[in-house]
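just need the structure, nothing else, for what follows:
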Amino acid sequence: MLHQRFLVFLFCFLFASAGFTQQINTSSKNIDFTKLHNSHDVSLSPWGPYSKKYAGVSHIPDITSGMRFDFSVMPAYYRNKVLIPNVRFESGYFPWEFSRDLHQFTYRYELEWKDKVFVDVTYTVRDSSTVLVKMRSVNNTDLPQNLAMNLMAFIEYPENAAAKKISVASDAKWYNAMSYQSLTFAKKTARDNLVYDGWLRGEVRQSDLIDGRGVGKGFGETAGDSVSYGINVSGEQLKGKLSLLYKVKKGAVASFRLSGLVQNVIELKGTGSPEKFEIPFSAKTPGVVLLTMVAEGSASAEINGFVVSGQSQKEPFKIESQVKAFSPKAEENLSSKNLILKYGDINSYYGIGWDNRFSEVREFRNSELDIFFKNLVHNHVEKVFTGDREGSYSNVFIRPIEVLPHSEVTSYAVICNGNYDQVKELLAKYDLSKEDSLESKAPVENPDNSIIAEGKKYLFSQKMMQAALLSNVVYPVYTQNSYIRNFTPGKWWNSLYTWDSGFIALGMNTVNERLAAEVINAYTTPPGSQSAFIHHGSPLPVQVYAFFDLWNKTQSKELLAYFYPRLRQLYLFTAGKFGSSTIGSLKSGLLKTWDYFYNSAGWDDYPPQVGVHAQKLEDTTSPVSNTAHAIRVAKILRIMALKLGLDSDVKEYDQDIARFTTALQKYSWDKKSGYFSYVKHDKEGNAVSFFNYEPGNVNFNMGLDGVSPLLAGICTVEQQNVLVDKLFSPQHLWTTTGISAVDQSAPYYKTDGYWNGSVWMPHQWFMWKALLDIGKPELAYKLAKKALDVWKTETDASYYTFEHFLVKSGRGAGWHQFSGLSAPVLAWFSSYYKVGTVTAGFETVIEEQSFVKDYTAFKAKLSFDGATKAHVRTLLVCMNPAKTYQVVFGSKNVKFSVLNKGLLQIELPATNEPGLLEVKSFK
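Numbering: from 1, shown residues only. Coordinates of the predicted model:
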């Protein structure tokens, strides 16, 4: 102990005396933990690329409302082709350059592919009120081009926006049914502690309900279903009336026993439409009185809410239709080249200014522009174009913009928000004719500075990945009783997505660590929450891996203390040990997640998974990956628990690791095939046999699920060698495109599947980390470089950032502006080519780290995963490529190899004892 303390003292002294600067990212210090605790939102400007409809810039006037103002530039050839940048399908635009804090972002619009005629539209968020729009039109052809710009302003309402609103008398109060103190369903389900999408228990969202929401989901169908409210009764309401608003299926009667404020049994008769039921009450004293409704079990009901009023009030409330006010009141000032808009359901005003006098203002009253607008390109007469009236687009039509051969023209616009006078003032403030006063003075991000020479060929494809990652943020997404901004895998999925978002956070670790923490926070919940975590899709706990990487980068004790309880709750549920979780229901100790999603680990058409569902074996068959990930996550959380001094948690993790390891080794290892197998169980949950493919009785799990125990660190030397050989054998998983999801020699392998016959990045990332853990840096690099090369080839050619890559051709496929599961390419690039990056596997903890200013020396205090037997591990450190180095761990030189003149692959000694690592350069 004394020796260890002396080493720590010596380490700190050397840090101070040798000019080292500790690499703790200040972004973690800028996190408002109070806000983090009470929100699942990300802390960005009210202005951002949030649209779910057309690419551009959006403004959120009130984060609680779900309302969004959108502004989009739609370039065109004058009186010809118009490009409408729909975010929901391929439409000729590309997220091009996005600053890490999203204060500035650019979209490229390809009017003539490839970069022959294009428009770059750059949005610069000047402050909370103003955005500058720069439109750069480029003509790289031999002919002059006549272009046009369509500036489009419009608003969007949230899904299930209420079609009716309620107004109550001065002495009455409206309670939405979702404002309950507690709600329980008598019939227990696997979902009781994991409500899908992070909604509240029992919540329904429908536009015909007041506030667009109420209690439902079968509430009342089972006797004993119960909901309770705290009713604030005033002195004027001691004798009053409770007016209940509800919906029940036509012909049904839902009975409830009321207690507390009201003592009565009520029968809610159903018409299929919203109805009202009035109940008198009396209270002894003013104050908060409990009201409880317990179902008799006759029928389900949707309870919208209730109004509490005095008995004397004949009409305590009024319900009126609430029409969406898409069309604004518009004030045109063509001489000043600006337009002021006021929307009925937004309190503030919006202003648009532009710099071209050849313009006119028009309006398109229709739900979409993709067909409607294109169909009207040649109508040069009308100013108002009326379609289905389910939307309104205020259009500033600027034309023509003449661009000579091999030249460019830049024009500007400004968008602002505030009260009427503020908008007038802001529009007058900007002289759009003076370019120098408009250009941003912020320093331009230069990724070249820290990238070693061999990595520069990847810069374009990495820039496009970063742009996709940062552009895929949408508003509104609803979860946990609020509207939030949320980073999505792609705007086609404008919703929550649990395992994809874990990889979004992993990618964000290399881009913006504060946002990475907030993305992790969005999917985790504090202990005691209704939902153990925010769940949508595959319940794979990637957030734990993302946080471990973030913690290894920042060494932030505050982040650890905040996130550990949330991540532990996520683990406990996915390990089958929390609340209503059924994941651990099998007696064998193997885990399965079929009760929560059809997909065990994100691989939609993975053969044995498809087989389980086709044969209806969900109750009795376990995959491998759920148990393998539970082991690795337990090991990671064990490291954190040791840091926090939580000895009882450490003991629990040790027990779990032993139990899950025994289960996989005893029941799942199939020596004949060389893969871990899906396991079939009897009705009592006892393991019976492997789940094999017929005909041929072949292991059904020849693929990435079958090698997943590698990442858990539980394999014998023999198993490890066999599985690594499978990964890199051209006859099995290794292809010219990377690691296939399914073994090519398997009789169920396809070339035309979604995952079956494709290469994806996420599970390759897990395997890459595992290879670092088992001391195989050459293979880790082979995997990462192949992924980066495949990514570069496709992105350079098409400008797309695809989901996956076809084994046979190596070309990308799937969503064209994908970020989620493809985000590991950012991590690989940083690890191998960005100076100052330190990368470990799952078993190495960077307690402290520092570089000297020019990255010619590095020191770190390391510790290791004590739940795994000591063995050789690899640490990657990207140093200044101008020097040669030696590496010392403790007092001994250690082996390392050099890649790309700066990337050190350091072979850490086979020990679990902490120690000091030092990288020194030769003078």
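
can you map out the helices along the stretch 351-500 of the chain?
With DSSP state H, counting those that start in this stretch as the criterion, the stretch 351-500 of the chain has helices at 372-375, 420-429, 435-438, 459-471, 498-508.

please work out which of those is packed deepest.
Mean neighbours per residue, mean count of other CB atoms under 10 Å, is largest over the helices of the stretch 351-500 of the chain for helix 498-508, with a mean of 28. Just so you know, the C-beta spots here come from the backbone N, C-alpha and C atoms, and that holds for glycine as well.

tell me what angle that one forms with helix 459-471.
Going by axes from the mean of the first three to the mean of the last three CA atoms, to 10 degrees, helix 498-508 is angled at 130 degrees with respect to helix 459-471.

neighbouring contacts of the next helix or strand after helix 498-508?
Per DSSP states H and E, the first helix or strand lying C-terminal to helix 498-508 is helix 513-522. If you take CB atoms under 8 Å, 6 or more residues apart in numbering as the criterion, helix 513-522 is touched by 25, 27-28, 30-31, 36, 39-44, 479, 484, 486-487, 496, 501-502, 504-506, 508-509, 534, 543, 546-547, 550, 553-554, 559, 563, 566.

which one of the helices of the stretch 351-500 of the chain has the poorest average confidence?
The minimum mean pLDDT among those belongs to helix 435-438 (a mean of 67).

what bridges to V233?
G287 (DSSP bridges).

return the distance of it relative to G260.
Distance from V233 to G260, counting by CB to CB, to the nearest Å: 11 Å.

who has more neighbours out of these two?
Between V233 and G260, counted using other CB atoms under 10 Å, V233 has the larger neighbour count: 21 against 16.

for that one, give its distance to A177.
From V233 to A177 the distance is 18 Å (CB to CB).

can you check G270 too?
Taking CB to CB, one finds G270 at 16 Å from A177.

quick one, which of those two is more surrounded?
Between G270 and A177, counted using other CB under 10 Å, A177 has the larger neighbour count: 29 against 19.

residues contacting L560?
By CB under 8 Å, 6+ apart, the neighbours of L560 are W551, M640, K643, L644.

and the second one, helix, strand or coil?
Pointing back at M640 there. What DSSP: H, G, I helix; E, B strand; the rest coil gives for M640 is helix.

ok, the first one next?
Three states are possible here, and by three-state DSSP the one that applies to W551 is helix.

that one: neighbouring residues, count only.
Residues near W551, counting by other CB under 10 Å, number 23.

again, but for the second one
Counted with other CB under 10 Å, residues neighbouring M640 total 23.

quick one: it and A813, what's the gap?
Applying CB to CB to M640 and A813 gives a distance of 38 Å.

so which residues of the stretch 601-750 of the chain form helices?
Using DSSP H, counting those that start in this stretch, the helices of the stretch 601-750 of the chain run over residues 607-614, 625-644, 647-663, 709-712, 717-728.

show me where pLDDT drops low in the chain?
Under the criterion pLDDT under 70, the flagged ranges of the chain are 1-30, 435-437, 440-448, 923.

let's go with 50 and repeat that
In the predicted model, the chain carries pLDDT under 50 at residues 1-18, 22-27.

now do the contacts for the spatially most central residue of it.
Against the mean C-alpha coordinate of the chain, by CA atoms, centre = their mean, the closest residue is S501 at 3.3 Å. Listed by CB under 8 Å, 6+ apart, the contact set of S501 reads N486, F487, T488, P489, V519, A522, Y523, V542, Q543, G820.

the same query, at a cut-off of 10 Å, please.
Taking CB atoms under 10 Å, 6 or more residues apart in numbering, we find S501 in contact with 486-489, 508, 519-520, 522-523, 534, 536-537, 542-543, 546, 820, 823.

ok, W199 next?
M178, R205, R213, K217, Y478, T479, Q480, N481, Q530, S531, I534.

and P400, by the same measure?
Counting by CB under 10 Å, 6+ apart, P400 has contacts A76, Y77, Y78, R79, Q145, N146, L147, A148, M149, N356, F358.

what about these, which are in strands?
A76, Y77, Q145, N146, L147, A148, M149 (DSSP state E).

dump the residues you listed to TSV, plus neighbour count.
Formatted as TSV, these follow (neighbours: other CB atoms under 10 Å):
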residue	neighbour count
A76	26
Y77	18
Q145	23
N146	14
L147	24
A148	21
M149	26
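
can you get me the start-to-end distance on stretch 863-879?
21 Å (CA to CA, to the nearest Å).

kindly report the same for stretch 111-126.
28 Å.

now the lengthiest helix in the chain: how far from the chain's centre is it?
Scanning the chain for the helix with the most residues, using DSSP state H, yields helix 777-798. How far helix 777-798 lies from its chain's middle: 24 Å, per CA atoms, centre = their mean, to the nearest Å.

what are the buried residues along that helix?
Under the neighbour-count criterion of 16 or more other CB atoms under 10 Å, helix 777-798 has 777, 779-795, 798 buried.

need the contact list for the closest residue to G902 other than its chain neighbours.
Spatial nearest neighbour of G902, excluding adjacent residues (CB to CB, 6 or more residues apart in numbering): P881 at 3.3 Å. For P881, the contact set (CB under 10 Å, 6+ apart) comprises I452, A453, E454, Y833, V835, Y855, V898, N900, K901, G902, L903.

the third one: how many residues sit nearby?
To tie it back to what came earlier, the one meant is E454. E454: 16 neighbours (other CB under 10 Å).

wait, it touches V898, no?
No - with contact defined as CB atoms under 10 Å, E454 does not reach V898; the gap is 11.6 Å.

how many other residues sit next to E618?
13.

S182 now?
For S182, the tally of surrounding residues (other CB under 10 Å) stands at 10.

specify the beta-bridge partners of it.
For S182, the beta-bridge partners are S228 (DSSP bridges).

and it, what is it in contact with?
R201, S226, V227, S228, Y229, T292.

and what of I210?
With CB under 10 Å, 6+ apart, I210 has these contacts: 162-166, 174, 176-177, 245, 274, 304-305, 307, 317, 319, 322.

now do A813
Residues near A813 by CB under 10 Å, 6+ apart: Y754, S758, E794, Y800, F802, E803, H804, F805, L806.

what about the last one, how many neighbours?
Look at L806: counted by other CB under 10 Å, it has 19 neighbours.

for it, phi and psi?
phi -70, psi 130 (degrees, to the nearest 10).

correct me, but it touches W760?
No - with contacts counted by CB under 10 Å, L806 stays clear of W760, the gap being 11.1 Å.

joint contacts of these two?
G814.

would you map the helices across the stretch 801-923 of the chain?
824-833.

strands along that one, start to end?
In the stretch 801-923 of the chain, the strands defined using DSSP state E, counting those that start in this stretch lie at 804-806, 812-813, 838-839, 844-851, 858-864, 873-878, 885-889, 892-893, 896-899, 903-908, 915-921.

partners of the second one, with directions?
When sheet partners are counted by DSSP bridges, strand 812-813 sits next to strand 804-806 (antiparallel).

could you identify which of the contacts of W199 has the most neighbours?
Neighbour-wise, those (other CB under 10 Å) top out at I534, 27 neighbours.

quick check: that residue vs S179, distance?
When CB to CB is applied, the distance between I534 and S179 equals 21 Å.
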